[in-house]
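> sharing a sequence plus its predicted fold:
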Amino acid sequence: MINLVGGRISGYRHTPVPIIVPPTREALFIDTSKFNDYMRFLRFFFEKDMTGYGFTPREKQIELAEEIFAALNDRSVFLGEAAVGTGKTLAYLLPSVLIRRGRINEGKFGVRLPDGHQMPVVIATASIALQKALITDYIPLLSKILMERKIIKKPLTAALRKGKSHYVCDRRFNAFMKTANMPTRTAAAALRNRNIVDLSELKELTPYIKRGINVDEHCNRDCTQYGYCRYTRFLQSVNKGGYDFQVINHNLFLADIMLRAHNGKPLIPDYQAVVIDEAHKFIDASRDMYCSRLTLDEISNAARDIGSFTLAPGQKTFELRRLAKRVDSKSRLLFQFLNQAVPDDEIGNDEVERYTTKISGRADKLLRDLKKDVDVLVDVMPGIAVTSKFKERHKRVTRTVTDIDDTLSAFMRHRDLVYWLENTEIPVLDTPAGVRAPALGILQGMPKNLGSLLYKDLWAKEFPMILISGTLSAAGSFEHIQKKTGLDMVPAKRLVETSKPSPFDYRKNVMLYVSEDIPFPDNTDPAYIDAVTSETERLIGAANGHTAVLFTSYKAMELVHERVKEHDLPFPIFRLDRGGTAALDQFKKSGNGVLFASGQLWEGIDIPGDILSMLIIVRLPFAVPDPLSNWEKTMYTDIDEYIEKVIVPEMLVKLRQGFGRLIRSEWDSGVVAILDCRAGKRGSYRKEVLAAFPPCLITSSIKMVSKFFRKVKSAVYFT
């Protein structure tokens, strides 16, 4: 959180007043009633003011800023794609400052707040890294320039909001420290300083410690320390008026709009505009937030807690424990039947994340029986009198049981949901012989009308919304993202689209290598794995290391990695496993290492400079069929239309995200290699793949790759 004081832009009044400028600079008049004056100011700022701080004017950045300001002013829904190097962050921050400090939109909502309490602009992102960059880099930089150029009188202000789990809970911290061993207490001791609320401030905290002391999802006014703990004091601070920006994640923003849609208490202050950065991830966040989630371990833990209660005299302890045990038993049996319904070809497939199941027959009956028993628990839990030792736990479990009951109610209407199982590590007790243990212990259900819900709760609202990302379109069309998010319901006159190319010189600095020698992708075929291994090693040699090998499957990555390691290449070899980060840090420091990766490396990771000069994409990133895609397929007339409208566009978006890992600055150079025959000269997707990338050199010769590196790299690169 930036502890600065808010203010109003100098000269942004109803009477035109010139901005104070140095004598050599032309005075620019800005008037809140004159749209063109704002547009002139934007261009002048990027072309003149920014150059004094080491920035080069970029026409596409200026165009983007002008279009964003127009959309904010018109209260439009703006879909913007800005390729790497465009400068999208400053292109939306400056127009947002004009809207916020100029108070352009407040009157349009029928609200005029007193000075010092103007509504902020919300910036919602998918990653903590971008939130941190906004708070520590972009907003302070823009504030500094605007202040020094005499454009604003007071610095810009911003509040950073993360999910609850990122903050310390005083109640849980105190309980944790009483039972923790000495090394753990030593690591967490700094949190006795009550000015520290964000757990990320202490690098020595392990994931285990964080899980034991963070704010849980049920934090509310029932807590004995609510109102004076450091977390609630933090919320009170960031909810005060006066901030220019509220920087949050997609999930928190969605939680806020869902509460507002049902007349609940908002999580963030009223705002006059929203910027959704990293918008290509917004659909994933929407699915996550609108999903119903039934978790076996949550039910089992609640039942176990209820069974452990010591009730006050006169309470029917035996009946309560019997009911809790019945709920636990039925939930385990339900998940066993759901697991039995999973197709055999999905079991053990590391590419599958959503597992097919079916709620029918016995599973459907168990679901309904479980709902009846949980209904009884919901009725009796508030009236149970427990001994003082269990009062806090009783409150927490009562809330949990209510949440479980709400989730079961959603699954009672499972025909209105697209549902699936997800993986979790759960100890299964008393599993009958011959019955598959419910290793998949999470049942997820997404409303089939998600697009309609998003339109009703969000897009239909009359405040301006900016959705922006480096990769949002496919083949120049935003149709697929519109259909998935309900944006296709927004009236055409209110929906604005734009796409800005990268200013980088790809023709000079990038070569695309497409292999013609690899068989059709099949991770079970040893010949395919051998061919990928051989081609990968030759490309690594041509690049003198400096390589990331990007997979769509952890299993394929493991197989190729093992073979390459056996051949003792003269470069350090690293493997980025699921959820890990150490290998990435080691690769960045290695000089000329080789990184095998999947998952997280496809997007959101910057490795500028020569460290990453060869990016090998082993397989085109087509999504693995799952219950969600199978349902989406039914919305199209035939399979060919579905492939054209959904499968290929989504593959191209992810492919462009992978491609974007290579060139992160105008000084970067390197090669992107695709080892998938479907992109080859006779491949079925060559045209679409080539069209997805910026114009660059194309080859299928590794000799040409070697010559290219000799041309674009210095002699030091090869030492």
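Arrived safely.
> okay, CA-based contacts and neighbour counts for the rest of this
Fine.
> would you mind measuring from Leu334 to Ile299?
12 Å (CA to CA, to the nearest Å).
> next: Val197.
In terms of CA to CA, Val197 sits 30 Å off from Ile299.
> got any ranges where the stretch 51-200 of the chain has weak pLDDT?
The stretch 51-200 of the chain contains residues with pLDDT under 70 at 103-117.
> which stretches in it count as helices?
Remark: helices assigned in the stretch 51-200 of the chain by DSSP state H, counting those that start in this stretch are 59-74, 88-102, 128-133, 139-148, 170-179, 182-188.
> report all helices and strands that the shortest one contacts.
With contacts defined as 3 or more CA pairs under 8 Å, 6 or more residues apart in numbering; DSSP states H and E, helix 128-133 has these neighbours: strand 245-249.
> centre of the chain to the strand it packs on, how far?
Strand 245-249 sits 14 Å away from the centroid of its parent chain (CA atoms, centre = their mean, to the nearest Å).
> what's the answer for stretch 503-510, then?
29 Å.
> also stretch 392-407?
So, by CA atoms, centre = their mean, the centroid of stretch 392-407 is 28 Å from its chain's centroid.
> run through who's touching it.
218, 222-223, 292-294, 299, 302, 305-306, 309, 371, 374-375, 377-378, 381-382, 386 (CA atoms under 8 Å, 6 or more residues apart in numbering).
> repeat for stretch 350-369
Counting by CA under 8 Å, 6+ apart, 330-331, 333-334, 337-339, 341-343, 346, 408, 412, 414, 419-423, 552-555, 624, 626-628 sit against stretch 350-369.
> thinking again about what came up before, for the helices of the stretch 51-200 of the chain, give me CSV that also has distance to Tyr271.
What follows is the helices of the stretch 51-200 of the chain, written out as CSV (distance: least, CA to CA, whole Å):
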stretch, distance to Tyr271
helix 59-74, 13
helix 88-102, 10
helix 128-133, 18
helix 139-148, 18
helix 170-179, 30
helix 182-188, 36
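> quick check: which of those helices is nearest to Tyr528?
Across the helices of the stretch 51-200 of the chain, the minimum distance to Tyr528, taken as CA to CA, is reached by helix 128-133, at 37.0 Å.
> what pLDDT is listed against the spatially closest residue to Thr232 that is not a sequence neighbour?
If the residues on either side of it in the chain are set aside, Thr232 comes closest to Tyr226, at 6.7 Å by CA to CA, 6 or more residues apart in numbering. pLDDT, Tyr226: 75.
> mind listing the strands for the stretch 151-300 of the chain?
Applying DSSP state E, counting those that start in this stretch to the stretch 151-300 of the chain gives strands spanning 158-160, 245-249, 273-277, 292-295.
> elements contacting the first one?
Contact partners of strand 158-160 among helices and strands, from 3+ CA pairs under 8 Å, 6+ apart: strand 245-249.
> ok, the strand it packs on: who's next to it in the sheet?
strand 121-125 (parallel), strand 158-160 (parallel) (DSSP bridges).
> tell me which residues in stretch 268-284 are buried?
268-269, 271-283 (16 or more other CA atoms under 10 Å).
> what residues are bridge-paired with Ile248?
Ala124.
> send the alpha carbons of stretch 662-670 over as PDB?
Output of stretch 662-670 as PDB, limited to C-alpha atoms (Å, rounded to 0.1, in the frame of the first residue of the first chain):
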ATOM      1  CA  LEU A 662      11.300 -15.200 -25.800                       C
ATOM      2  CA  ILE A 663      11.300 -11.500 -26.700                       C
ATOM      3  CA  ARG A 664      10.700  -9.300 -23.600                       C
ATOM      4  CA  SER A 665      12.600  -6.200 -24.700                       C
ATOM      5  CA  GLU A 666      13.700  -4.500 -27.900                       C
ATOM      6  CA  TRP A 667      17.200  -5.700 -27.400                       C
ATOM      7  CA  ASP A 668      16.300  -9.400 -27.100                       C
ATOM      8  CA  SER A 669      16.900 -11.900 -30.000                       C
ATOM      9  CA  GLY A 670      16.500 -15.600 -30.500                       C
END
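> was I right about Ala187 contacting Lys203?
No: when contacts are counted by CA atoms under 8 Å, Ala187 is not listed as touching Lys203 (9.4 Å).
> between the two, which is the more surrounded one?
Ala187 (15 against 8; other CA atoms under 10 Å).
> got a list of what the more buried one touches?
Glu204, Leu205.
> quick check: the gap between it and Arg211.
On the measure of CA to CA, Ala187 and Arg211 end up 14 Å apart.
> same check, this time on Met182
18 Å.
> more crowded one of these two?
Neighbour count, other CA under 10 Å: between Met182 and Arg211, Arg211 has more, with 15 against 10.
> excluding chain neighbours, what is closest to that one?
Ser165 (7.9 Å).
> just the strands paired with strand 245-249: most buried one?
Greatest average neighbour count among the strands paired with strand 245-249 goes to strand 121-125 (a mean of 25), per mean count of other CA atoms under 10 Å.
> so what's the residue count around Glu562?
13.
> element containing it, please.
In the assignment (DSSP states H and E), Glu562 maps to helix 554-566.
> repeat that for Asp585.
Take DSSP H and E as the rule and Asp585 turns out to sit in helix 582-590.
> and for Gly307?
helix 296-308.
> next, the buried residues of that helix.
Buried-residue list, helix 296-308, by 16+ other CA under 10 Å: Leu296, Asp297, Glu298, Ile299, Ser300, Ala302, Ala303, Asp305, Ile306, Gly307.
> ok, the nearest residue in space to the last one that is not next to it in sequence to Arg304 distance?
Beyond its immediate neighbours in the sequence, the residue positioned closest to Gly307 (CA to CA, 6+ apart) is Arg321, lying 4.8 Å away. Taking CA to CA as the measure, Arg321 falls 9 Å from Arg304.
> remind me, longest helix of the chain?
If you go by DSSP state H, the chain has its longest helix at helix 317-340.
> and that helix, what does it pack against?
Right, helix 317-340 is packed against helix 296-308, helix 361-380 by 3+ CA pairs under 8 Å, 6+ apart.
> pLDDT (mean, whole number) over the first one?
So that's helix 296-308. So the average pLDDT for helix 296-308 ends up being 89.
> for the stretch 201-350 of the chain, give me the ranges with low pLDDT.
For the stretch 201-350 of the chain, the stretches with pLDDT under 70 are 221-222, 310-318.
> mind doing that once more with 80?
Low-confidence segments of the stretch 201-350 of the chain (pLDDT under 80): 217-228, 241, 308-318, 348-350.
> where does the record place the domain boundaries for the protein?
Structural domains annotated on the chain: 17-116+127-154+463-498, 164-249+260-278, 292-447, 506-718, as defined by automatic domain parsing.
> quote the end-to-end distance of the last one.
End-to-end span of domain 506-718 (CA to CA): 22 Å.
> what does the shortest one give?
Across its full length, domain 164-249+260-278 reaches 21 Å between end residues, using CA to CA.
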